[in-house]
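S.K.: Here is a sequence together with a model predicted from it:
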Amino acid sequence: MTPVTALWLTLALPLAGAALIVLLDRYPNPREAVSLVTAGLLFGLVVRLWFAARAGEWPALVLVETLPGLPLALAVEPLGLLFALVASFLWIVTSLYSIGYMRDNRERNQTRFYVCFAVALASTMGVALSANMFTLFVCYEVLTLSTYPLVAHSGTAEARRAGRLYLGLLIGTSIGLQLLAIVWTWMLAGTLDFRVGGVLAGVASPFLTGILLVLYIFGIGKAALMPLHRWLPAAMVAPVPVSALLHAVAVVKAGVFTVLKVLVYIFGLDLLGQIVSGNWLLYVAGASIIMASVIALRSDNLKRRLAYSTVSQLSYVIMAAAILAPLSVAGAALHIAAHAFGKITLFFAAGSIYIATHKTEVSQLDGIGRRMPWTMGAFAVGSLSMIGLPPAAGFVSKWYIVLGALQAGRPFAVAVIVLSTLLNAAYFLPIIYRAFFRAPNKPSHGKHGEAPLPIVAALTISASLTVLLFLFPGPALELAHQFAGANG
Amino acid sequence: MIAQHLPALQVVVPLLSAPLCLLLNRARVAWLLSTAASWVALVIAVLLLQQVLATGTLSYELGGWAAPWGIEYRLDPVNAFVLVIVAGIGSVVMPFAATSVVHEIAAEHRVLFYTTYLLCLAGLLGIAITGDAFNLFVFLEISSLSSYIMISLGRDRRALTASYQYLIMGTIGATFILIGVGLLYMMTGTLNMLDLAQRIPSVADTRTVRVALAFLTVGISIKLALFPLHLWLPNAYVYAPSVVTAFLAATATKVAVYMLLRFLFTVFGAELSFEAMVMHLVLLPLALLAVFSASVVAIYQDNLKRMLAYSSVAQIGYIILGISFASVTGVTAGILHLFNHALMKGALFLALGCVFYRLGSVQLRDIAGLGRRMPWTFAAIVIGGLSLIGVPLTVGFISKWYLVLAALEGGLWWVAVLVLLGSLLAVAYIWRVVEVAFFQPAPRNAPSQEAPLTLLLPTWALIGANVYFGINTELTVGVAHRAAEWLIGGGG
C-alpha cells in the first residue's frame, strides 16, 4: 500500500466502519467486533504513514477542490502524525473498554454510540492530517456534531442541558469567531495552507494580527481555555468511554492541536514574537492553569475533578506554545501525547470504580485500593503523569516546557508550572492515599471486586503506556522536535 | 430546429400542459403529465444554461417579431441559472406529489391542483426568461393567481384566509410593479428591458424614473417577502399542502429575488440604483433586521412549518444582504444563496411533508422520540437543518463563506459578525427539533412506521444535492460568479 492510499484510507476506513455498524444494528457481537477491527486497522494505517515519514516521505493529497483555491486536502506533518498515532491507538484500547462498560451498564442506543464514535474518530484523523485551515475547520465541525449525540446520550434532562451547553459553546465559538478569522485570513493572505513560517507575515497590520489571534484562540473552544471551558465539565454526563477518549484525548486534543497549528503554521512564531499584543496568551493560559487546578482541588466528584485537571493540562500546551521557544513548542507537542495516555488512564479508572461500586465521589473512595488494586494502581500512574513525576510521561513533556521557558527567559511560565505542580499533587495524592491507606468505611461498601476484564485490561494497557512513554520517549520526541525544529 | 426554439418551449410546454390536464380530468394522468412537463422543462433549462455558458447571451424573438415591437426572450447567466433552479425543484417535487397529494388534497380538487401547478411553473419560468417588462408582469400574475389557488387547497380551513391574505398583499405588490413599469414606459417609450437599460441613463435624473425605481423595489419586495413586507408568508406556507409549500418556498420568492436583481442591475443599472438612489442603505438594514427578527421569532414557534417559514424570511434576508453589497463577491453570495436556499428549504419542507403524512401534524410536541421510528425522515431534517445553519460540507456553508467574505471585502466587518451570529440563531431553532426528536421518549401511541419510499426518495434527492453542492461547488460558484460579474458589468 502506498502512503497516499493509506492517507485517504485513514478517513475512509472509520466512515466505512460506521456504515457497517449501522447495518449490524441488531447484532451486538459482530457490531462491536467491527468497531474493534476498524480501530486496529486504523492504527495500522497511521503506523504505515509513520514508517513512510521515517523514510523521509510525507504524503499529501487533494480530495476535492471545494472552492476555487480552497481544496479539502490532507498532508502528513510531524505534529499531526503524533496526534493521529495517539488517537488511533487509544481508540483500540477504548473500544475494548467500551464493550465492557456499555454492556455491564446496560446502556441504550448502543449502535448510535458506536457509530458516532467511529465518525468522531474519522473527523479526528481529518483534523490531525489536514493540509490547510479550511480542511481542519470542516473536520473540527464534524467532530463537534458527531460527539454531541454522545454527550446527550442518556437523554435525561441533565444530559440534554449538557448537550446544549456543549454544542452552544463549541459551535458558537467556532462559527462566531474562528470562521470569521479563517475567512479574514483567506482574504488577507489568499491562502489557508499550513506553511512553515506562517502565511500572515507582512499581509496585515500588527493591530489586525492581534485581533486575528484573539479570534482564533477563543474561536477554538475545544482547547477549553478559560473562560470558554464550561462545556468540558458539563460533558462529563456522557458515558465514561466518551469522557475518556473524546474529552481527554480526541476532542480536547483536537483543540490544542489546532491552536498549535494556527500559532505555528498560520501566524508563524517569528510574527508572534514581533507583535507586542501576543503576550497576553501566555498570561491567560497561565491563569487558566492555576484557576482550573484550584477548582479541581475543590471538587469532590471524581469525573469533575478530572475534567478540571484536563482544562488545566490543556492550557499547559497553549502556554508552552506561547513561550515561543523551540524547546517549549516541542514540549507542547509531546504534552499532547503524554497527557493523553495519563488522562485516559484516570478516566478508565473512574469508570471502573463506577461500574464496580457505583461510586462517583472522591470522599467515598476510602480503602478502595485493596479491592481494586489494578484500577487504583493504574490511577496512581496516571496521577504521577499529571503531576509530572517520574516514572510517568508527564515528566518528560514538563521538562521540555520548563527548559524552553528558561531559555526564553519567561519566569512567569516557570512559576506557573511550579505552582500548578504543587496544586496537582494536592488534588491527586489524597485520592491515592485514601484508596490505599485508609480503612474502608464499612456500611457503604457492598461486596465488590475488580471491574470486568475488558475494563481492567484497557486501563492496564494505557497505564503501561504512560510509563513506556517515559522510558522510551525517543520516537515521540523525534516527531516533536521535527515539528518545533522546522520552525525554530 | 427544435434547439432553436428552446426558449419558447421552456414556457410553452408547461403552459399548454395545464389546459390539457383539465381536459383529461383524471388525477393520475394529470400527475403524469405534470411530472413529464417538469422534467422536460428541466432538460430544456439545463440545455439553455449550457448554451449560455458556452456562447454568452441568447436572444429569441417570440413569433418572429423583432424587439422592441415583439416580445423578446433574453437569456444570460443569471436567468438561465434561475430557470434551472425552478425547473429542478419542480422535477423533484412532482414525484413527491403523487403520494402526498392523495393524502392532503380532496379528491375533487386534485386535477385542479396539477393544472394550477403547471400554470404556476409556466409563470415562474416566464418571469425568468422574458426580456420584456410588461410580459414579466403578465407572467407574474399567472404565477401569483395560480399560487393563491394552490395555497387555498389546504385541508385546514385557515388555508382560505391565508390565501386571501396573500392575494391582497400579492395584488398590491403586482400593482406597484405595474405602476413602476408604466412610469418607465412613459419616460422611455419602450418595454423591452434592453432598450430600457439604454434609454434610462438619459432620463435618470427625473423624479419619475426614481419613483418608478421605488415602486418596483417595494412591489418586488412584497413578492419576495423582505422584512417588514413578509407578513403574508408564514400563514401561506403553514396552511398550504406540503407539496405546495415546498414548491413555493423553493421557487416563488427566488424568482422575485431574480426580478429585483434584474431591475436594480440591468434595467436601472448599478450606478443609478446604488450610487444615485443608495439602495444599499435601504436594503442592508432591512436584510439584517430580517435575519435577526425572523430567526428570533422562529425559535419560539411550535409549528415546524411556521418555524421554517420564519426561517425563510431570515434566509431571504441573507440573499438581499449579499445583493446589497453591490460587489461581485456580494452578488455572487446572493445568487449562490438563492440556489442553496432553494435546496435547503425544498428538502426541509418535503421532509415535513413526510412527517405530516404519518402524523397528520407538524407540531413540535408530536414528534417526540420519532428520530428512531422514522430515521430517514429525521436524518433528512437534521442534514437540512445543518445546511440551514451553515455547517461545512453543506451548501449553507458555501453561502455563509461568500457572505462573510463579501462583508469583509467591503470593509464591513461588523456585518460579517452579524451574519455569523445569525447562523447561531439558526442553531437554536434547529436544535430544539433535534433534541425533541432524538432525545425525548416517544409516546406509546406514536406511529412506528417510516414514511413511504415515494416520499423519501424525492426528499433525499434534495438532501443529497445539499451535500453534493456543499462539497463540489464548481457548478454553483462558477455560474453564480459569472452571473454576478455579468450583472455588475451592467449586463453588457
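M.R.: Structure received.

S.K.: isn't residue A:178 right next to residue A:217, touching?
M.R.: No: taking contacts as Cβ atoms under 8 Å, residue A:178 lies outside contact range of residue A:217: 9.4 Å. (Glycine included, C-beta is placed from N, CA and C.)

S.K.: Three-state assignment for residue B:227, please.
M.R.: The local conformation at residue B:227, judged by DSSP: H, G, I helix; E, B strand; the rest coil, is coil.

S.K.: And the pLDDT for residue B:311?
M.R.: pLDDT recorded at residue B:311 is 93.

S.K.: so where does the closest residue in space to it that isn't next to it in sequence fall, helix or strand?
M.R.: Spatially, and ignoring its direct neighbours in sequence, residue B:311 is nearest to residue B:298 (4.9 Å; Cβ to Cβ, 6 or more residues apart in numbering or on different chains). Residue B:298 belongs to helix B:279-299 when assigned by DSSP states H and E.

S.K.: Which strands or helices does the very next helix or strand once past that helix pack on?
M.R.: Proceeding N to C from helix B:279-299, the next assigned helix or strand is helix B:304-324, under DSSP H and E. Contact here means 3 or more Cβ pairs under 8 Å, 6 or more residues apart in numbering or on different chains; DSSP states H and E; on that basis helix B:304-324 packs against helix B:232-239, helix B:242-261, helix B:279-299, helix B:328-359, helix B:395-409, helix B:413-439.

S.K.: let's see 6 Å
M.R.: Packing contacts for helix B:304-324, counted by 3 or more Cβ pairs under 6 Å, 6 or more residues apart in numbering or on different chains; DSSP states H and E, involve helix B:232-239, helix B:242-261, helix B:279-299, helix B:328-359.

S.K.: For the first one, list the C-alpha coordinates in CSV.
M.R.: Translated: helix B:232-239. Extracted in CSV, the C-alpha atoms of helix B:232-239 (Å, rounded to 0.1, in the frame of the first residue of the first chain):
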residue,chain,number,x,y,z
TRP,B,232,-48.3,37.2,4.1
LEU,B,233,-45.7,34.4,4.1
PRO,B,234,-45.9,32.4,7.3
ASN,B,235,-49.6,31.7,7.1
ALA,B,236,-49.4,30.9,3.4
TYR,B,237,-46.6,28.4,4.0
VAL,B,238,-48.2,26.8,7.1
TYR,B,239,-51.7,26.1,5.7
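
S.K.: Look up how far residue B:446 lies from residue B:376.
M.R.: In this view, residue B:376 and residue B:446 are 16 Å apart by Cβ to Cβ, to the nearest Å.

S.K.: can you check residue B:111 too?
M.R.: Distance, residue B:111 to residue B:446, by Cβ to Cβ: 35 Å.

S.K.: if we can go back for a sec, can you pull the contacts of the residue nearest to residue B:311?
M.R.: Neighbouring residues of residue B:298 by Cβ atoms under 6 Å, 6 or more residues apart in numbering or on different chains: B:307, B:310-311, B:429.

S.K.: please redo it, this time with the cut-off set to 8 Å
M.R.: Applying Cβ atoms under 8 Å, 6 or more residues apart in numbering or on different chains, we find residue B:298 in contact with B:307-308, B:310-311, B:314, B:425, B:429.

S.K.: per-residue pLDDT, it?
M.R.: 92.

S.K.: Look up how far residue B:359 lies from it.
M.R.: 21 Å.

S.K.: neighbours around residue A:23, how many?
M.R.: Close neighbours of residue A:23, defined as other Cβ atoms under 10 Å in any protein chain shown, add up to 12.

S.K.: same question but for residue A:430, I mixed them up
M.R.: Counted with other Cβ under 10 Å, the neighbours of residue A:430 add up to 14.

S.K.: Give me the nearest residue to it, chain neighbours excluded.
M.R.: residue A:362 (7.7 Å).

S.K.: So the one you found versus residue A:133, what's the distance?
M.R.: 41 Å.

S.K.: more neighbours, the two?
M.R.: residue A:133 (26 against 18).

S.K.: residues in contact with the more buried one?
M.R.: Counted by Cβ under 8 Å, 6+ apart, residue A:133 has contacts A:182, A:185, A:192-194, A:261-262, A:266.

S.K.: Which one of those residues is nearest to chain B?
M.R.: Of all the contacts of residue A:133, chain B sits closest to residue A:182, with 9.0 Å by Cβ to the nearest Cβ.

S.K.: Quick check: buried residues in the strand or helix carrying residue B:38?
M.R.: For residue B:38, the host element (DSSP H and E) is helix B:27-55. Neighbour counts over helix B:27-55 (16 or more other Cβ atoms under 10 Å in any protein chain shown) mark B:27, B:30-35, B:37-45, B:48-49, B:51-52 as buried.

S.K.: centre of the chain versus the helix or strand residue A:327 falls within, how much separation?
M.R.: Per DSSP H and E, residue A:327 falls inside helix A:326-357. Distance of helix A:326-357 from the chain centroid (Cα atoms, centre = their mean, to the nearest Å) equals 8 Å.

S.K.: same thing with stretch A:284-291?
M.R.: From the chain centre to the centre of stretch A:284-291 is a distance of 18 Å (Cα atoms, centre = their mean).

S.K.: Could you do stretch B:290-298 as well?
M.R.: How far stretch B:290-298 lies from its chain's middle: 19 Å, per Cα atoms, centre = their mean.

S.K.: if I read this right, residue B:421 contacts residue A:176, doesn't it?
M.R.: Yes: Residue B:421 lies in contact with residue A:176 (Cβ under 8 Å); the separation is 6.4 Å.

S.K.: which one of those two has more residues nearby?
M.R.: Set side by side, residue B:421 and residue A:176 show more neighbours around residue A:176, with 18 against 15, by other Cβ under 10 Å.

S.K.: how close does the more buried one get to residue B:72?
M.R.: From residue A:176 to residue B:72 the distance is 48 Å (Cβ to Cβ).

S.K.: show me where the stretch 1-150 of chain B has strands.
M.R.: Assigned by DSSP state E, counting those that start in this stretch, the stretch 1-150 of chain B shows strands spanning B:58-61, B:72-75.

S.K.: Is the closest residue to chain B within the stretch 301-450 of chain A in a helix, a strand, or coil?
M.R.: Using Cβ to the nearest Cβ, the closest approach of the stretch 301-450 of chain A to chain B is made by residue A:303 at 20.7 Å. Under three-state DSSP, residue A:303 falls in the helix class.

S.K.: In contact with it, which residues are there?
M.R.: By Cβ under 8 Å, 6+ apart, the contact set of residue A:303 is A:236, A:240, A:243, A:347, A:350, A:360.

S.K.: Model confidence score at residue B:31, please.
M.R.: The model reports residue B:31 with a pLDDT of 92.

S.K.: Next up, the contacts around the closest residue to it other than its chain neighbours.
M.R.: Excluding the flanking residues, the one nearest residue B:31 by Cβ to Cβ, 6+ apart is residue B:98, at 5.5 Å. Residues near residue B:98 by Cβ under 8 Å, 6+ apart: B:31, B:35, B:454.

S.K.: What distance do you get for residue B:98 to chain A?
M.R.: 29 Å (Cβ to the nearest Cβ, to the nearest Å).

S.K.: Next: residue B:306.
M.R.: 22 Å.
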